[in-house]
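Undergrad: here is a sequence with its predicted model. Questions after.
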Protein chains: 12
Amino acid sequence: MSHHTYKKIEITGSSELGSDDAINNAINTASKTVKNMDWFEVIETRGHIANGGVKHWQVTIKVGFRLEG
Amino acid sequence: MSHHTYKKIEITGSSELGSDDAINNAINTASKTVKNMDWFEVIETRGHIANGGVKHWQVTIKVGFRLEG
Amino acid sequence: MSHHTYKKIEITGSSELGSDDAINNAINTASKTVKNMDWFEVIETRGHIANGGVKHWQVTIKVGFRLEG
Amino acid sequence: MSHHTYKKIEITGSSELGSDDAINNAINTASKTVKNMDWFEVIETRGHIANGGVKHWQVTIKVGFRLEG
Amino acid sequence: MSHHTYKKIEITGSSELGSDDAINNAINTASKTVKNMDWFEVIETRGHIANGGVKHWQVTIKVGFRLEG
Amino acid sequence: MSHHTYKKIEITGSSELGSDDAINNAINTASKTVKNMDWFEVIETRGHIANGGVKHWQVTIKVGFRLEG
Amino acid sequence: MSHHTYKKIEITGSSELGSDDAINNAINTASKTVKNMDWFEVIETRGHIANGGVKHWQVTIKVGFRLEG
Amino acid sequence: MSHHTYKKIEITGSSELGSDDAINNAINTASKTVKNMDWFEVIETRGHIANGGVKHWQVTIKVGFRLEG
Amino acid sequence: MSHHTYKKIEITGSSELGSDDAINNAINTASKTVKNMDWFEVIETRGHIANGGVKHWQVTIKVGFRLEG
Amino acid sequence: MSHHTYKKIEITGSSELGSDDAINNAINTASKTVKNMDWFEVIETRGHIANGGVKHWQVTIKVGFRLEG
Amino acid sequence: MSHHTYKKIEITGSSELGSDDAINNAINTASKTVKNMDWFEVIETRGHIANGGVKHWQVTIKVGFRLEG
Amino acid sequence: MSHHTYKKIEITGSSELGSDDAINNAINTASKTVKNMDWFEVIETRGHIANGGVKHWQVTIKVGFRLEG
């Protein structure tokens, strides 16, 4: 239980629906190649604008996952 | 009207639904013991991951409330 | 295509519905006087509290738009 | 009452008297062209030195004002 | 003398006179319920605007006080 | 399991032995009055100097504890 | 000489040549509509990548100019 | 077009010629193993000194590239 | 000697002994899969609390290693 | 006129009167040994508390002065 | 007792033993030429890696000392 | 080889040619009085504007040099 080591990677997800959905999309894509993902932290929220509103959301998160050691 | 003094406390709420709901949960729990809450500021958004998605959201906020002086 | 110059302005939108909606409201109001808006970045999320919950959300964003040069 | 949108601008005022006076001078000059100014936030305090003391103070503030929408 | 433990709280004071006075007001109000206050650090200076000048100042400070242990 | 709310407080511990010991002292003192302490984050490490070395260490941490709610 | 008030705006310039040139392009475009520009501060340097190198540079600066009061 | 996910990595390039060239060197080396690189952001500029001048420049950047999902 | 390119990764190590030991554990685990590690920078120190003291330390570091180019 | 080089030093002044006076005291003391002081920037404002008010103010500033080259 | 002025210098110490020892080494070296050193603040902790562990620690601190005025 | 102690000073150089040249000028001037300069880190890039372009560049760096102990 002691001595776990984690690695953090930084990924940016996008969505046309909202900021929470962009986070879920980023995690979902990463889960296809990264195992043991444990937590995330939001780094930056931004997006593109069209027709007087948000066209799509882009949220950058750090994801921590356990290294198998 | 002048001379109001406010105190800020830092609390972390959680939710399985989304980041906004985690904030509402934090405020709702705090309201049971803190009076005169006036405003909040988001400090950090993070959460835990399970099954390739967000399992629950954790949002840390500062809450300002008026001290009765 | 080279040499585009952008200006960023800082605006704060509000909503009773949620943080994403406050951003859309800010962009919608700004679009009435600002042309060529291209992207936004969230600077700060805060709000007012009433009755043990969020009364309205206030989100400050920077909006970038292309200067016609 | 909902849906107010605010814009923030960044201005630097100066004074030979002190840091608070530099803020008042900045706001006073801005009020000649900007309506509906509501609040300010101090960003940076600096100044020039002469004869072993402060010659004049320069304080940079952000000023928020309501956009008429 | 060794092993003192301090707690820091964050409070916001206000004044119509100036930024230093807002700090003194915050400390004065807090002193009615908090003992052993030792030092403060300024976190943020802001305020409201009316009639082309500062209407009242709001200064947020952290105050450190010794825990009796 | 969902909906836990945490509060964070900021405390400063000291020690003549080292920076880690100052953290343990801070937590030990706080544990006499605060229940359910769960995690800490280091905010600042400083100290006083005497005779060409560190006389005592002062480490400021944030401590998170679960609100019973 | 006392009481000058300055406004700062935030602009992003681009160039295919380098980061310094992107700054000059931003200032040159802004100078067509803004008078009395006095100084700039670099906020962020970024750019787009193509063919294993920088395709064009994007530098965001703040520009201060004197308000005629 | 929606749902693109990007990963950011942090790399440090060096050059004897200048800061822009150090960025190009970093991107060029990374392009040998990383596909779909899209943009970069400068994080830190530093370097070593010899003979009263800069001996070589070291610039740390974040590089974003599209994950194939 | 010129043109070395480095990559930085972010890892979190843990230890029951102390903050320095958590750093050594993180580096030791990473060294099993990463070659040419050259330096580290501490990003964050935190940990879990039990029985009025630190149960285990968690230190997040960035590690720089030379890319073979 | 080109090629001026400046050095910045960091000093902390104190005063029983107010924050502006602490800055003037710092500059006045430094002027006894440092020539060509040109500008200052406020880094931190803090102070000690006694009897429910500010006992003395401590303001840390950076002071820039021209190196004679 | 009022009006003390302090100067802060920034120094980096190193040690093969640990981060606390690097701080003590920095202070010990500085004490040979600087009088009246009063306190320190940790700015950055980093180090070099060899053989899967920390080879030596490098800690940058600010040291405050009283100017004799 | 162990126990080296370094001091960092903060200097601002200027140039009419570009940002890299301003850094070289700062280092060159400092090298006339400071020995054993080893590395630099860029803190801030700014400059003055004239005639719709950069008149001269001002870059503030920290320079680290080995203390002879």
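TA: Done, it's in.
Undergrad: C-alpha only now, for contacts and for neighbours.
TA: OK.
Undergrad: go ahead and confirm A:Thr12 touches A:Val63.
TA: No. At 10.4 Å, A:Thr12 does not count as touching A:Val63 under the criterion of C-alpha atoms under 8 Å.
Undergrad: quick check, stretch A:10-21 touching chain I?
TA: No. Stretch A:10-21 stays clear of chain I (C-alpha under 8 Å from any C-alpha of the partner chain), getting no nearer than 9.5 Å.
Undergrad: just stretch A:39-54 next, same as before
TA: No. Using C-alpha under 8 Å from any C-alpha, stretch A:39-54 stays clear of chain I, with a minimum separation of 12.4 Å.
Undergrad: gap between that stretch and the chain center?
TA: Distance of stretch A:39-54 from the chain centroid (C-alpha atoms, centre = their mean, to the nearest Å) equals 12 Å.
Undergrad: now for the nearest residue to A:Val34 once chain neighbours are set aside, how many residues are close by?
TA: Excluding the flanking residues, the one nearest A:Val34 by C-alpha to C-alpha, 6 or more residues apart in numbering or on different chains is A:Phe65, at 7.9 Å. Neighbour count of A:Phe65, defined by other C-alpha atoms under 10 Å in any protein chain shown: 20.
Undergrad: hmm, back to that, between A:Thr12 and A:Val63, who's got more neighbours?
TA: A:Thr12 (29 against 25).
Undergrad: what about A:Thr33, neighbour count?
TA: 8.
Undergrad: my guess is the residue nearest to A:Val34 meets A:Thr33, correct?
TA: No. Using C-alpha under 8 Å, A:Phe65 makes no contact with A:Thr33, being 11.7 Å away.
Undergrad: follow-up on the earlier one: looking at this, the residue nearest to A:Val34 is in a strand?
TA: Yes. Checked against DSSP: H, G, I helix; E, B strand; the rest coil, A:Phe65 lies within a strand.
Undergrad: what sits against it?
TA: Applying C-alpha atoms under 8 Å, 6 or more residues apart in numbering or on different chains, we find A:Phe65 in contact with A:6-8, A:34-39.
Undergrad: which residues are contacting stretch A:13-31?
TA: A:11-12, A:37, A:45, A:54-61, B:18-19, B:52-54, C:20, H:2-6, H:69.
Undergrad: mind exporting it as PDB, just the C-alpha atoms?
TA: Once non-C-alpha atoms are left out, stretch A:13-31 reads as follows in PDB (Å, rounded to 0.1, in the frame of the first residue of the first chain):
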ATOM      1  CA  GLY A  13     -10.900  17.100 -24.600                       C
ATOM      2  CA  SER A  14     -13.600  18.800 -26.500                       C
ATOM      3  CA  SER A  15     -17.400  18.800 -26.700                       C
ATOM      4  CA  GLU A  16     -20.200  20.700 -28.300                       C
ATOM      5  CA  LEU A  17     -22.400  20.000 -25.200                       C
ATOM      6  CA  GLY A  18     -20.500  21.600 -22.300                       C
ATOM      7  CA  SER A  19     -17.400  21.800 -20.200                       C
ATOM      8  CA  ASP A  20     -18.200  18.700 -18.100                       C
ATOM      9  CA  ASP A  21     -18.700  16.600 -21.200                       C
ATOM     10  CA  ALA A  22     -15.400  17.700 -22.700                       C
ATOM     11  CA  ILE A  23     -13.700  16.300 -19.600                       C
ATOM     12  CA  ASN A  24     -15.500  13.000 -19.900                       C
ATOM     13  CA  ASN A  25     -14.600  12.800 -23.600                       C
ATOM     14  CA  ALA A  26     -10.900  13.400 -22.800                       C
ATOM     15  CA  ILE A  27     -10.900  10.700 -20.100                       C
ATOM     16  CA  ASN A  28     -12.800   8.300 -22.400                       C
ATOM     17  CA  THR A  29     -10.300   8.700 -25.200                       C
ATOM     18  CA  ALA A  30      -7.300   8.300 -22.900                       C
ATOM     19  CA  SER A  31      -8.800   5.200 -21.300                       C
END
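Undergrad: can you mark which positions in that stretch are buried?
TA: A:13-16, A:18-31 (16 or more other C-alpha atoms under 10 Å in any protein chain shown).
Undergrad: what do you get for stretch A:40-47?
TA: A:40-42, A:45-47.
Undergrad: follow-up on the earlier one: tell me the bridge partners for the residue nearest to A:Val34.
TA: Beta bridges link A:Phe65 to A:Lys7, A:Met37, judged by DSSP bridges.
Undergrad: where does it land on pLDDT?
TA: A:Phe65 carries a pLDDT score of 98 in this model.
Undergrad: and the gap between A:Ser15 and chain L?
TA: 35 Å (C-alpha to the nearest C-alpha, to the nearest Å).
Undergrad: now that residue, which residues is it bridged with?
TA: Applying DSSP bridges, one finds that A:Ser15 bridges with A:Trp57.
Undergrad: do A:Glu44 as well
TA: A:Thr60.
Undergrad: hmm, A:Val59 and it touching each other?
TA: Yes. Counting by C-alpha under 8 Å, A:Val59 is a contact partner of A:Glu44 at 5.8 Å.
Undergrad: what strand or helix carries A:Asp21?
TA: Per DSSP states H and E, A:Asp21 falls inside helix A:19-30.
Undergrad: now that helix: mean pLDDT?
TA: 97.
Undergrad: check stretch A:42-50 too.
TA: pLDDT averaged over stretch A:42-50 gives 98.
Undergrad: which residues are in contact with it?
TA: By C-alpha under 8 Å, 6+ apart, the list of residues contacting stretch A:42-50 reads A:19, A:54-62, B:44-46, C:37-42.
Undergrad: try it again at 7 Å.
TA: Stretch A:42-50 has contacts (C-alpha atoms under 7 Å, 6 or more residues apart in numbering or on different chains) with A:54-62, B:45-46, C:37-42.
Undergrad: can I get it in CSV, CA atoms only?
TA: Extracted C-alpha coordinates of stretch A:42-50, given in CSV (Å, rounded to 0.1, in the frame of the first residue of the first chain):
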residue,chain,number,x,y,z
VAL,A,42,-8.8,20.8,-14.4
ILE,A,43,-6.0,23.1,-15.8
GLU,A,44,-7.8,25.3,-18.3
THR,A,45,-11.2,25.8,-19.8
ARG,A,46,-11.6,27.5,-23.2
GLY,A,47,-13.4,27.0,-26.5
HIS,A,48,-14.3,28.4,-29.9
ILE,A,49,-17.1,30.8,-30.7
ALA,A,50,-19.5,30.8,-33.6
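Undergrad: any idea how far the closest residue in space to A:Arg66 that isn't next to it in sequence is from chain D?
TA: The shortest distance from A:Arg66 to any non-neighbouring residue, by C-alpha to C-alpha, 6+ apart, is to A:Tyr6 (4.3 Å). Distance, A:Tyr6 to chain D, by C-alpha to the nearest C-alpha: 37 Å.
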